[in-house]
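sequence first, predicted coordinates after that:
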Amino acid sequence: MIWKTAEYSGWGRALKVTGEIARPERRAELLALPAAPAFGLRRSYGDAATNGEGRAIDMTRLDRLLAFDPASGLLEAEAGVRIGDLAALFAPKGWLPAVMPGTGFATIGGCIAQDVHGKNHHNAGSFAQHVTRLTLLQHGELVEVAAGTPLFRATAGGLGQTGVIVSATLQMRPCNGAAMMVTERRAENWDEHLALLDASTATYTVGWIDGTAKGASLGRGIVEEAESSAGLVKDHVPAATVPMNAPHFALSAPVVRAFNALYYRRVPARGRTTVKAVGAFFFPLDKILEWNRLYGRRGFHQFQCVVPLSSAPALRAMLAEIAESGLCSPLAVLKRMGPGRAGYLSFPMEGYTLAIDFPNRDAARALIRRLEGRTVEAGGRLYFAKDSLAEGSPVRAMYPELGEWREEVLRADPNGDLITDLVRRLGLRSAA
Amino acid sequence: MMDKTWIILGASSAMARATARALAATGAGLLLAGRDAADLALIATDCRLRGARLAEAIPFDARDAACFAPLLARAAAEEGELNVAVFTGSMPPQAEIDGNPGLIGGVLADNFTGPAEFLHLLAPMLEARGGGSVVGIGSVAGDRGRLGNYVYGAAKAAFHTYLSGLRNRLGRSGVHVVTVKPGFVDTAMTWGLPGMFIVAAPEAVARAILRAARKRRNVIYAPFFWRWIMLIIRMVPEPIFKRLKI
């Protein structure tokens, strides 16, 4: 196998590393490789998928569907399969992945390693709760792991530290077809926004939030609710590629304010219901390939936290600080989460989660640090798939089952061959 | 598309896999031929789950003519339009060949003589059915001999010439032959090679291949702009070209 030396990064492009990468095209090539952390399409924003102090394995070519049972909806597939491809392929047959993150470019391996959530977390739980078994590569051997075992709980959301995820069996969820019936409503302010999210009984619910709105409009946004539907819709295919790094003013404060105002008013005051393609609802940003270049050469950070239901006022205070800073981007999401989580290090907790992008500048980094402090005070948690700036000790305290995770990881990878930059930065594997 | 069958030679390669998947989505039947039986079995299952009417793994080695007959017999058993896409090929580093010129025979077999012999055996069947297409994957390396890979380039040039003649012959029976000359494609062959630029995704090349077959194009470069790059490279006068290192 050839090791290619390349500069690479997570989706945020703020933390770039240079390292050796192998990309096996076949199962046998993977089995012959020395132990190293694996990554998929690197849609985690920070350094979860990088290893600047060693080698890494690119799993994107190991992307075969292995088995599907149309009676039960159980699908076995290799780790490199993209979630969006599964949705496009199976929705017309009446099945969807039970949980889908905000980009269809996430791979199955990545979705398990981060135990991702989707717009239906409040009723369906997290991704790995719908994984019935998976296959890990440990020390050159394939190991079958059943859901519910300690090794499974250490693997779900486990940041790839228990072995390379080679394949998994997913319990798909029945759907009505390849369309989504989407209802959008304006929420004029924070209280209304939260009330709409709390009252929603839809299968899929998410709020877009205008991070530039202040004062009486603070927290305004659009709440989307959706149900699977039959119907004929245009395929959701990429319409454009951002060809190069954009100049820094592309997402400057006035541009974002103007964009957000238009985006808010796009939905009429009385609300509206439309029919969209599955991909258009779940992965709206996939329409523009390589949109991370909009943030320019320096890249960007995403802040995402979840706080308990009772800490909603603390989340409102965070949003107020963000709005005052003028650093926010158009991409900001508010969602009510349920308690569902599959692993020791899974992100979700019952409460509200807020995700916001910021350009990679000094002021934004300082703001994110303050937001992290507020998250700690609110009894909340930061998301490893997004984080690139946090410090170890407060983050470790957010994950009470870290000890159980470490025990399994120590057994699975005693030499630390699978350590990634994120695990190293946050000291997740060193005894505190 | 339901009655179409494609023979894919060298089906484990990244470009072949992408092409097979695109064909599977149309419901075509696939005979996936290659050396790595375990890998081909996985690809066959994948293609069936992605919509292929039929997907079977069949042993094929360009250097072993004995395996040609069973594949031909299997293809003959499928009714309807028959097509073939040839992805077999190998490119040992030129330095390795310089150290051991005995490797040249194998390079010719993988890239030219093996596929040509198979296509020659298949040709009467295609002529008898009076339709379908032959897609041959050549290379921009076959357009001019260069320091870095001229044995591979020579084998591909021979294959281009063979395909041109085959096109001349089969066109009379309504069978179309497409010559595809890929530039840099993101495959195992180019992974980690120095000097790669604007590397195309295998899926993009697969789309170009199937579009060319559909539109009955004769010779395509993939991506298209390699036509212009190679035009310039071919125009450099030999006295200058022989001193270049490109």
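Here it is on my side, so go on. Numbers count the residues shown, from 1 in each chain, chains lettered A, B, ... in the order given.

so where's chain A uncertain?
Along chain A, segments meeting pLDDT under 70 span A:1, A:431-432.

residue of it nearest chain B, please.
Nearest residue of chain A to chain B (Cβ to the nearest Cβ) works out as A:K4 at 3.6 Å. (C-beta placed from N, C-alpha, C; glycine too.)

now for residue 107: which residues touch it?
You didn't say which chain, so I picked chain A. Each residue near A:T107 by Cβ atoms under 8 Å, 6 or more residues apart in numbering or on different chains is listed here: A:G40, A:L41, A:M59, A:T60, A:D63, A:A79, A:G80, A:V81, A:R82, A:I83.

to clarify, I was referring to chain B.
Shown in contact with B:V107 (Cβ under 8 Å, 6+ apart): B:S90, B:M91, B:P92, B:I97, B:V151, B:Y152, B:A155.

do the same with A:A269
A:R186.

now it: which helix or strand?
Under the criterion DSSP states H and E, no helix or strand holds A:A269.

what does A:T212 give?
Counting by DSSP H and E, A:T212 is part of no helix or strand.

repeat that for A:E404.
Going by DSSP H and E, A:E404 is part of helix A:402-412.

list of residues touching whatever helix or strand comes next after that helix?
Next helix or strand after helix A:402-412 toward the C-terminus (DSSP H and E): helix A:421-425. For helix A:421-425, the external contacting residues (Cβ under 8 Å, 6+ apart) are A:15, A:17, A:46-48, A:50-53, A:159, A:161, A:384, A:387, A:392, A:428-429.

let me know the distance separating the residue of chain B positioned farthest from its centre from chain A.
Within chain B, the residue lying farthest from the chain centre (Cα atoms, centre = their mean) is B:P239, at 32.2 Å. From B:P239 over to chain A the distance is 36 Å, taken as Cβ to the nearest Cβ, to the nearest Å.

tell me where chain B has helices.
B:14-24, B:37-49, B:68-76, B:94-99, B:104-108, B:114-129, B:150-170, B:202-214, B:226-235, B:238-241 (DSSP state H).

for chain A, same thing?
Using DSSP H, helices in chain A cover A:27-31, A:83-90, A:108-113, A:121-124, A:150-155, A:190-199, A:253-266, A:278-282, A:312-325, A:362-377, A:392-398, A:402-412, A:421-425.

switch those over to TSV; also include distance to B:R217 and mean neighbour count.
Output for the helices of chain A, formatted as TSV (distance: least, Cβ to Cβ, whole Å; neighbours: other Cβ atoms under 10 Å in any protein chain shown):
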stretch	distance to B:R217	mean neighbour count
helix A:27-31	34	17
helix A:83-90	28	22
helix A:108-113	37	30
helix A:121-124	47	21
helix A:150-155	48	24
helix A:190-199	54	17
helix A:253-266	43	14
helix A:278-282	31	24
helix A:312-325	54	18
helix A:362-377	50	17
helix A:392-398	56	15
helix A:402-412	52	18
helix A:421-425	47	22
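
out of those, nearest to B:L193?
Nearest to B:L193, of all the helices of chain A, is helix A:27-31, at 17.1 Å by Cβ to Cβ.

now do the closest one: distance to the chain's middle.
Computed by Cα atoms, centre = their mean, to the nearest Å, the separation of helix A:27-31 from the middle of its chain amounts to 28 Å.

I'd assumed A:A390 was in contact with A:G427.
No. Using Cβ atoms under 8 Å, A:G427 is not in contact with A:A390, being 11.0 Å away.

looking at these two now, which is surrounded by more residues?
A:A390 (24 against 14; other Cβ atoms under 10 Å in any protein chain shown).

now for the closest residue to B:A22 other than its chain neighbours, how many residues are close by?
The shortest distance from B:A22 to any non-neighbouring residue, by Cβ to Cβ, 6 or more residues apart in numbering or on different chains, is to B:A206 (5.0 Å). B:A206 has 23 neighbouring residues, counting by other Cβ under 10 Å.

check the gap between B:A206 and chain A for me.
Distance from B:A206 to chain A, by Cβ to the nearest Cβ: 14 Å.

next: B:N111.
19 Å.

who's in contact with the nearest residue to that residue once chain neighbours are set aside?
Leaving aside its sequence neighbours, B:N111 sits nearest to B:A155 (Cβ to Cβ, 6+ apart; 3.7 Å). B:A155 makes contacts with B:G89, B:V107, B:L108, B:D110, B:N111, B:F112, B:G142, as judged by Cβ under 8 Å, 6+ apart.

separation between the closest residue to chain A within chain B and B:R169?
Relative to chain A, the nearest point of chain B is B:G192 (3.6 Å; Cβ to the nearest Cβ). Note on B:G192: its distance to B:R169, by Cβ to Cβ, to the nearest Å, is 40 Å.

neighbour count winner among the two?
B:G192 (16 against 12).

can you name the residues bridging to the residue lying closest to the more buried one once chain neighbours are set aside?
The shortest distance from B:G192 to any non-neighbouring residue, by Cβ to Cβ, 6+ apart, is to A:K4 (3.6 Å). Here A:K4 sits in beta bridges with A:I21, as judged by DSSP bridges.

wait, isn't A:K4 in contact with A:I21?
Yes. At 5.3 Å, A:K4 counts as touching A:I21 under the criterion of Cβ under 8 Å.

how about the residues of the stretch 1-150 of chain A by chain B?
Residues of the stretch 1-150 of chain A lying close to chain B (Cβ under 8 Å from any Cβ of the partner chain) are A:2-5, A:23, A:25-28, A:61, A:64-68, A:89.

show me the shaky parts of chain B.
B:1-2.

kindly recompute the last result at 50.
B:1 (pLDDT under 50).

enumerate the residues of it near chain A.
Residues of chain B lying near chain A by Cβ under 8 Å from any Cβ: B:12, B:14, B:36, B:38-39, B:42-43, B:45-46, B:49-50, B:187-188, B:191-192.

where do the strands sit along the stretch 1-150 of chain A?
Using DSSP state E, counting those that start in this stretch, the strands found in the stretch 1-150 of chain A span residues A:4-9, A:16-22, A:38-39, A:55-58, A:65-69, A:74-78, A:95-96, A:131-138, A:141-146.

just the ones you listed: most buried one?
Neighbour counts (mean count of other Cβ atoms under 10 Å in any protein chain shown) averaged over each of these peak at strand A:38-39, with a mean of 29.

contacts for that one?
Contacts of strand A:38-39 (Cβ under 8 Å, 6+ apart): A:A49, A:T50, A:A56, A:I57, A:D58, A:M59, A:A79, A:G109, A:G110, A:G160, A:V164, A:I165.

could you dump the residues you listed to a markdown table with distance to B:R234?
Conversion of the contacts of strand A:38-39 to a markdown table gives the following (distance: Cβ to Cβ, whole Å):
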| residue | distance to B:R234 |
| --- | --- |
| A:A49 | 42 |
| A:T50 | 42 |
| A:A56 | 40 |
| A:I57 | 40 |
| A:D58 | 35 |
| A:M59 | 39 |
| A:A79 | 43 |
| A:G109 | 44 |
| A:G110 | 44 |
| A:G160 | 48 |
| A:V164 | 45 |
| A:I165 | 47 |
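
between those, which sits nearest A:A179?
A:G110 (26.6 Å).

so what's the closest one closest to, chain neighbours aside?
Closest to A:G110 by Cβ to Cβ, 6+ apart is A:G40, at 4.3 Å.

and A:R336, by the same measure?
Using Cβ to Cβ, 6+ apart, the nearest residue to A:R336 is A:L197, at 4.5 Å.

next, the contact list for residue 24, please.
Here I'm looking at chain A. Here A:P24 is in contact with A:M1, A:L30, A:L33, A:I57, A:M59, A:R61, A:L62 (Cβ under 8 Å, 6+ apart).

look at chain B instead
By Cβ under 8 Å, 6+ apart, the neighbours of B:A24 are B:L30, B:D46, B:C47, B:R48, B:R50, B:G51, B:A52, B:A55.

about what we covered before: let me know the closest of the contacts of strand A:38-39 to A:F283.
A:G110 (14.4 Å).

hmm, that closest one is touching A:D58, no?
No. Between A:G110 and A:D58 there is no contact under Cβ under 8 Å: 11.9 Å.
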